[in-house]
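1. When you get a sec, could you give me coordinates for this:
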Amino acid sequence: MTPQRRWPWVLLLLAAAFAYYGSYYRHGINFQDEGGTLTLQTQRLLNGELPIRDIELGYNVGWFYPLMALFKFTGINFVALRVFFFALSTLAAVLGFLTVEKAARHAGLKRAAIGLGVAVGLLLIVTPGMTFKNYNPLAAVANAWCLLGFILAGRSCDASSQEVPAAPRRLRDECDGASQAPTATRASQLRRFSGAFAEKRWRWALGGGFILGATWLVRIDLGTLFTVLWLGVIAAQLVDGKARLRSFGTSILLLAAGIGAMHAPVLWDANRRGFGADFTAQYSAFWFDAAGRLGIKLTPPPPSKSRDTIIAVPVAPQPPKKTGMSFGGKARMTWADVQATAEKKRLNALGLFALTYAPLLAVIPLLFLAAARWLRAVVQRRDSSLALAALALIGAALALFPQFFFWRPDSPHLSEFGPCYWVAVVGAFALLGADGNSWKLPSRFLAFWLVLHCALWCARIIPDRWCGTIAARENRDTYFEGENGVHIYEQKKTAEWMREAHRIIRENSTDTDTLIAWPYHPSFNVFTNRLSTERLLYVDDAKAKPGWNENAIARIELRKPRIIVVSNWAINGTEASRFKTWGAATYAHIEATYEKLGTYDEKEQFEVWKRK
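-> Sure thing, here's the model as predicted:
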């Protein structure tokens, strides 16, 4: 299909995204999500504070450069930030459409290719993933799109199981008659195709390098995983004879060039502003941490002193850590958890339980089938590109799986994993269907499962406002206007207490005063326009290492924040994760040195304290 015939469908997706996101881009503000965090962090960066050294970002610095540029144009604006992330979701949906359409077209599904692509694109629009973390699905889908283009570069859409690699259009007639051609002619065709293939592939390798570099700058863990996937794909093409050693080296160099080109200006800026060492150190710190979680014993370099470490606190010897793999985070929901859930919420719990394990029932069969197809094609010296493309898509889908399955198996992180998963499984399903009759029987069962899974996905994710969907509109029709572009619609009772809290905080502090919100409520800083003095905005019982209370009290007395907001939220779902449990000493100090101005929100019980 020509690019001209795809444009109307791209425009359709853009129109659908504009209408869908436009209906709720100003609805709601969450006090436990990334929106307030990113707004406050970007505001502080624009004020001259340094990434990593002054503010622990939680992500790599590339996450924030576009946000700083945005706020340079709009001013500090919470709603503009949300629009920006919806734009990222729109781009992910368009790339998802192009990826699935290309996969289906190369699999010979000419009539169904557009339909499958549009369906997946619309699904990505309707369930975009947790708002303000839309970089993650976009990075995964963009890498999947580029990997697919790299593998299928120069391949004719009409060839799926020829004995010679599929050729470009100008060589198609010769390739179609390859079975009757003498050996010398076949070798000549292969040489000619290798040149045409490499001619197109270099563009995808260089473009993939830029996308991979951007991925590294957004999240180091995703950059690591996708680098391994890219290297595996390039090596696989060398093994199956589709690429020569010279072409293999060229692909590696182009990939590295793209990564280097993306990092060079950031590294220059980091060195110029004085956080270059901190920027580069976070890469090795991640790899040492990842090795430790996998049970590999390495000695990391000593960490630099944190800005939040005011006093040195003697730490009692800790018991040795258990060996083996450890990922931390929340425990996955079990059947016992479902049964123990209150009847009113049991259906939601059942849906999350099913969706936690459902992806494995699609990914594992597709993974083994794609690997078997690729090995068979290599042994028989047939075109292996479709099977390799399916393997690459499945690998891309799994990039966001560990953070959901092992660290945060909840609905927001499930929704974040979903976009690339749906692109990958539908694309891989189409690619593996190109082998004809041998695929018909298993494909029927898998197709039925994917349809059932998609229906369950929509039923569970769309009504969940934490998943970035239109559910954010529900019952939010009362207008609230705060500072920093927090011009939103909220539930009536929420808007009322926000107005009161806004008034109380603004009356009892000035624009130069600071506000701390523990354990994780930076939206208070945003809608009242009060900066924080804390390097780390998120803290829980896992991050509060021995000595945290002593240092928190020391920081309070040194910096004297005018306002402190505290909630007793069970941040990790356990009693031990409540602030008044692990931060009891700090809370006692707040009670002694601060005056309580009020408690807001019946559920969250936000306590607002003013310095005496």
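2. Skip ahead from whichever helix or strand residue 215 is part of and say which helix or strand is next.
-> Assigned by DSSP states H and E, residue 215 belongs to helix 183-218. Next along the chain after helix 183-218, taking DSSP H and E as the criterion, comes helix 220-239.
3. buried sites along the helix or strand following that next one?
-> Using DSSP H and E, the helix or strand that follows helix 220-239 in sequence is helix 245-273. Judged by neighbour count using 16 or more other C-beta atoms under 10 Å, the buried positions of helix 245-273 are 247, 250, 251, 252, 254, 255, 258, 259, 262, 263, 266, 270. Where you see a C-beta, it was placed from the backbone N, CA and C, and this is true even at glycine.
4. Next: stretch 579-596.
-> 579, 582, 583, 586, 587, 589, 590, 594.
5. Show me the shaky parts of the stretch 251-400 of the chain.
-> Scanning the stretch 251-400 of the chain for pLDDT under 70 picks out 290-295, 297-333.
6. just the helices in it please.
-> Along the stretch 251-400 of the chain, the segments classed as helices by DSSP state H, counting those that start in this stretch run 276-293, 335-340, 346-379, 385-397.
7. Check which helices and strands the last one is in contact with.
-> Helices and strands touching helix 385-397, as assessed by 3 or more C-beta pairs under 8 Å, 6 or more residues apart in numbering; DSSP states H and E, comprise helix 78-106, helix 135-151, helix 220-239, helix 346-379, helix 411-432.
8. Break this structure into its domains for me.
-> 8-273+334-467, 478-611 (automatic domain parsing).
9. Just the endpoints, please. Distance across the shortest one?
-> Distances were taken as C-alpha to C-alpha, to the nearest Å; on that basis the terminal residues of domain 478-611 are 32 Å apart.
10. For it, the averaged confidence score.
-> Here domain 478-611 scores 94 as its mean pLDDT.
11. returning to that earlier point: let me have the helices and strands packed on helix 385-397 in CSV, extended by distance to residue 201 and mean neighbour count.
-> Putting these into CSV (distance: least, C-beta to C-beta, whole Å; neighbours: other C-beta atoms under 10 Å) gives the following:
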stretch, distance to residue 201, mean neighbour count
helix 78-106, 15, 24
helix 135-151, 6, 27
helix 220-239, 9, 19
helix 346-379, 18, 17
helix 411-432, 18, 27
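12. Serialize those to CSV and add fields for distance to residue 129.
-> Output for those, formatted as CSV (distance: least, C-beta to C-beta, whole Å):
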stretch, distance to residue 129
helix 78-106, 7
helix 135-151, 5
helix 220-239, 14
helix 346-379, 14
helix 411-432, 4
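13. Which one of those helices lies nearest to residue 508?
-> helix 78-106 (22.5 Å; C-beta to C-beta).
14. quick revisit: quick one: closest of the helices and strands packed on helix 385-397 to residue 610.
-> helix 78-106 (24.5 Å).
15. Give the buried residues for the very next helix or strand once past that closest one.
-> Downstream of helix 78-106, the first helix or strand assigned by DSSP H and E is helix 110-126. For helix 110-126, burial by neighbour count (16+ other C-beta under 10 Å) applies to 112-114, 116-126.
16. hey, C-alpha coordinates of helix 110-126 in PDB?
-> Provided in PDB are the C-alpha atoms of helix 110-126 (Å, rounded to 0.1, in the frame of the first residue of the first chain):
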ATOM      1  CA  LYS A 110      -3.900  -7.000   2.100                       C
ATOM      2  CA  ARG A 111      -7.600  -6.500   2.800                       C
ATOM      3  CA  ALA A 112      -7.400  -6.900   6.500                       C
ATOM      4  CA  ALA A 113      -4.200  -4.800   7.000                       C
ATOM      5  CA  ILE A 114      -5.800  -1.400   7.300                       C
ATOM      6  CA  GLY A 115      -8.700  -2.700   9.400                       C
ATOM      7  CA  LEU A 116      -6.300  -4.400  11.900                       C
ATOM      8  CA  GLY A 117      -4.100  -1.300  12.000                       C
ATOM      9  CA  VAL A 118      -7.000   1.100  12.600                       C
ATOM     10  CA  ALA A 119      -8.500  -1.100  15.200                       C
ATOM     11  CA  VAL A 120      -5.300  -1.200  17.200                       C
ATOM     12  CA  GLY A 121      -4.800   2.500  16.700                       C
ATOM     13  CA  LEU A 122      -8.200   3.300  18.100                       C
ATOM     14  CA  LEU A 123      -7.600   0.900  21.000                       C
ATOM     15  CA  LEU A 124      -4.400   2.800  21.900                       C
ATOM     16  CA  ILE A 125      -6.300   6.100  21.800                       C
ATOM     17  CA  VAL A 126      -9.100   4.900  24.000                       C
END
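17. ok, residue 208 - contacts?
-> 143, 146, 147, 150, 230, 255, 258 (C-beta atoms under 8 Å, 6 or more residues apart in numbering).
18. would CSV of these with distance to residue 504 be doable?
-> Listed next are the contacts of residue 208 as CSV, based on distance: C-beta to C-beta, whole Å:
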residue, distance to residue 504
143, 47
146, 51
147, 53
150, 57
230, 53
255, 55
258, 51
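19. now for those, which pair is the farthest apart?
-> 147 and 258, at 13.4 Å, using C-beta to C-beta across the contacts of residue 208.
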